[in-house]
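[1] here are the coordinates; sequence isn't available:
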């Protein structure tokens with residue numbers, strides 16, 4: 001059992017008290033609690049739009065448009081708003097996705113997969129960490145994985161340039177937390193997406209995870225940050241299987257933080273070659289076969305995705321799907337809620353601006369055993385904010401919970417057989433692109449790969 005996890009904080013009504021570095025013991029004095037968070041930072045533009053063939057624009061014009069859209073999304077203002085939210089909540093462990101680096105350089109004419117542009121325009125992770133430090137809540141970067149590092153020709157500011165886009169996932173630990181990093185690693189999934197970018201050229205869109213083995217006052221826990229594929233469910237599910245294999249090979253308490261691009265209960269019946277029917281569990285179903293959805297167990301958080309690429313507040317905030325998750329084993333959730341839900345003020349014109357196309361998820365976890373209840377836990381109703389229904393909670397073998405004997409809540413916001421949303425910015429789903437260009441997607445098992 002995980003004996004001590006660091007600073008304690010309730011996520012209900014997060015305030016300045018949550019920022020203390022002094023952990024508080026549970027009432028029975030047997031265990032310590034902590035908080036974890038996951039946040040997709042949001043690129044601020046639809047990356048997959050470079051492959052759209054419903055436009056007469058050339059690749060340089062499409063890339064230039066994407067580059068300008070990222071700049072217009074005001075990354076510095078957005079990440080400052082995220083830093084405000086994170087500094088108030090002060091999670092001990094933070095997993096981020098789409099921690100992009102955008103660079104530019106002179107036109108080189110090289111291959112997309114051999115980038116050489118060096119002038120940094122935005123480093124999302126560096127901007128976020130600097131903003132957090134300015135607010136008195138610095139975070140240590142402990143592990144990263146690079147998913148995509150591509151360079152393409154662009155027309156921007158009246159010039160012919162190259163634009164380089166590097167996509168990363170990362171793990172961070174609050175600077176004042178008494179946490180020892182025993183080891184850190186990164187891995188790339190074998191399953192990947194192949195994206196056509198004009199003519200007979202394609203690029204491979206890889207995904208992976210950052211992993212760290214952490215020690216808290218004599219107890220250990222493994223934490224991973226990941227972002228699964230958005231283009232097609234088959235690749236996303238295969239990546240989830242690879243992650244599940246990794247999880248099953250590890251012992252001890254474990255926390256997975258990430259954008260799975262898959263909502264609860266996205267499983268759909270599919271026809272098999274022999275004419276029978278089987279159910280594809282989807283990425284969420286695969287992973288919750290062995291892990292507990294902490295947010296669900298603590299009381300459902302509501303949608304986390306996806307806002308429009310403009311990131312300006314529309315009539316609806318766009319958070320209709322819950323695809324950002326905290327999954328646990330060996331610890332149980334005590335509380336959960338979203339953050340970065342409300343817009344901030346744009347630095348350029350004073351209008352509203354959402355911090356990201358995703359909301360974040362904060363979860364309190366503890367190694368303390370659940371307090372016994374005289375009521376039948378399977379009959380305890382929990383409001384399902386995603387669907388408006390109720391489900392029972394039953395305690396799992398690891399002290400976590402499953403909901404109504406199932407792995408999650410139902411959703412009808414998207415066709416789970418293809419993707420999870422339409423027109424999402426960043427590296428998120430773009431079902432219209434899949435339909436228009438017949439996005440070339442392949443699950444590739446590269447044998448012998450480390």
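    Perfect, thanks for sending it. Here the structure is a predicted model, which is why all the values come from computation and not from measurement.
[2] When you work out contacts or count neighbours from here on, use the C-alpha atoms and nothing else.
    Fine.
[3] before we move on, which element is residue 130 in?
    Counting by DSSP states H and E, the element that carries residue 130 is helix 124-134.
[4] And the average pLDDT for whatever helix or strand comes next after that helix is what?
    Using DSSP H and E, the next helix or strand after helix 124-134 towards the C-terminus is strand 139-156. For strand 139-156, mean pLDDT rounds to 96.
[5] Now do strand 139-156: which elements does it pack against?
    Applying 3 or more CA pairs under 8 Å, 6 or more residues apart in numbering; DSSP states H and E, one finds that strand 139-156 contacts helix 59-72, helix 124-134, strand 159-174, strand 180-188, strand 208-216.
[6] could those go into TSV alongside mean neighbour count, mean pLDDT and distance to residue 286?
    Formatted as TSV, the helices and strands packed on strand 139-156 follow (neighbours: other CA atoms under 10 Å; pLDDT from 0 to 100; distance: least, CA to CA, whole Å):
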stretch	mean neighbour count	mean pLDDT	distance to residue 286
helix 59-72	20	93	33
helix 124-134	19	98	30
strand 159-174	23	97	21
strand 180-188	15	96	18
strand 208-216	23	94	16
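[7] Which of the ones you listed sits closest to residue 324?
    Residue 324 lies closest, by CA to CA, to one member of these: strand 159-174, at 13.5 Å.
[8] do you know how far the residue nearest to the spatial centre of the chain is from residue 357?
    By CA atoms, centre = their mean, the chain has its centre lying nearest to residue 259, at 2.7 Å. Taking CA to CA, to the nearest Å as the measure, residue 259 falls 12 Å from residue 357.
[9] what touches both of those two?
    Common neighbours of residue 259 and residue 357 (criterion: CA atoms under 8 Å, 6 or more residues apart in numbering): residue 40.
[10] Can you point out the buried residues in the longest helix along the chain?
    Ranked by residue count and defined by DSSP state H, the top helix of the chain is helix 233-249. Buried positions in helix 233-249, judged by neighbour count with 16 or more other CA atoms under 10 Å: 233-244, 247.
[11] ok, what's across the strand from the closest residue to residue 351 other than its chain neighbours?
    Closest residue to residue 351 apart from its sequence neighbours, by CA to CA, 6 or more residues apart in numbering: residue 345 at 5.7 Å. As for beta bridges, residue 345 partners with residue 352 under DSSP bridges.
[12] Please name the residues that touch residue 345.
    By CA under 8 Å, 6+ apart, the neighbours of residue 345 are 77, 351-353.
[13] got JSON lines for those, with neighbour count, pLDDT and distance to residue 309 too?
    Output for the contacts of residue 345, formatted as JSON lines (neighbours: other CA atoms under 10 Å; pLDDT from 0 to 100; distance: CA to CA, whole Å):
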{"residue": "77", "neighbour count": "20", "pLDDT": "95", "distance to residue 309": "16"}
{"residue": "351", "neighbour count": "12", "pLDDT": "87", "distance to residue 309": "15"}
{"residue": "352", "neighbour count": "16", "pLDDT": "90", "distance to residue 309": "14"}
{"residue": "353", "neighbour count": "21", "pLDDT": "92", "distance to residue 309": "11"}
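[14] ok, those vs residue 127, which is closest?
    The closest of the contacts of residue 345, once distances to residue 127 are taken by CA to CA, is residue 77, at 9.7 Å.
[15] Is it correct that the closest one is in contact with residue 347?
    Yes: with contact defined as CA atoms under 8 Å, residue 77 reaches residue 347; the gap is 6.0 Å.
[16] any weak-confidence spans in the chain?
    Applying pLDDT under 70 to the chain picks out residues 1-32, 52-55, 266-279, 300-301, 372-425, 427-450.
[17] residue boundaries of the strands in the stretch 1-150 of the chain?
    33-40, 93-97, 101-106, 119-123, 139-156 (DSSP state E, counting those that start in this stretch).
[18] quick one: contacts of the fourth one?
    With CA under 8 Å, 6+ apart as the test, strand 119-123 has contacts from 75, 99-105.
[19] That one versus strand 159-174: what angle between them?
    When axes from the mean of the first three to the mean of the last three CA atoms, to 10 degrees is applied, the directions of strand 119-123 and strand 159-174 differ by 40 degrees.
[20] between strand 119-123 and strand 101-106, how many degrees?
    160 degrees.
[21] got it, and the last one?
    Strand 139-156 runs at 40 degrees relative to strand 101-106, counting by the same axes, to 10 degrees.
[22] In strand 139-156, which residues are buried?
    139, 141-156.
[23] Give the pairing partners of it; include direction for each.
    strand 159-174 (antiparallel).
[24] How far does the strand it pairs with sit from its chain's centre?
    Taking the mean of its C-alpha atoms, strand 159-174 sits 15 Å from the chain's own mean (CA atoms, centre = their mean, to the nearest Å).
[25] what sits against residue 294?
    Counting by CA under 8 Å, 6+ apart, residue 294 makes contact with 325-328, 332-333, 336, 363, 400-401.
[26] got a markdown table for the residues you listed, with neighbour count, secondary structure and distance to residue 284 too?
    Shown next, in a markdown table, are those (neighbours: other CA atoms under 10 Å; DSSP: H, G, I helix; E, B strand; the rest coil; distance: CA to CA, whole Å):
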| residue | neighbour count | secondary structure | distance to residue 284 |
| --- | --- | --- | --- |
| 325 | 29 | strand | 9 |
| 326 | 27 | strand | 11 |
| 327 | 26 | strand | 10 |
| 328 | 25 | strand | 13 |
| 332 | 29 | strand | 18 |
| 333 | 28 | strand | 18 |
| 336 | 26 | strand | 18 |
| 363 | 28 | strand | 18 |
| 400 | 26 | coil | 16 |
| 401 | 26 | strand | 15 |
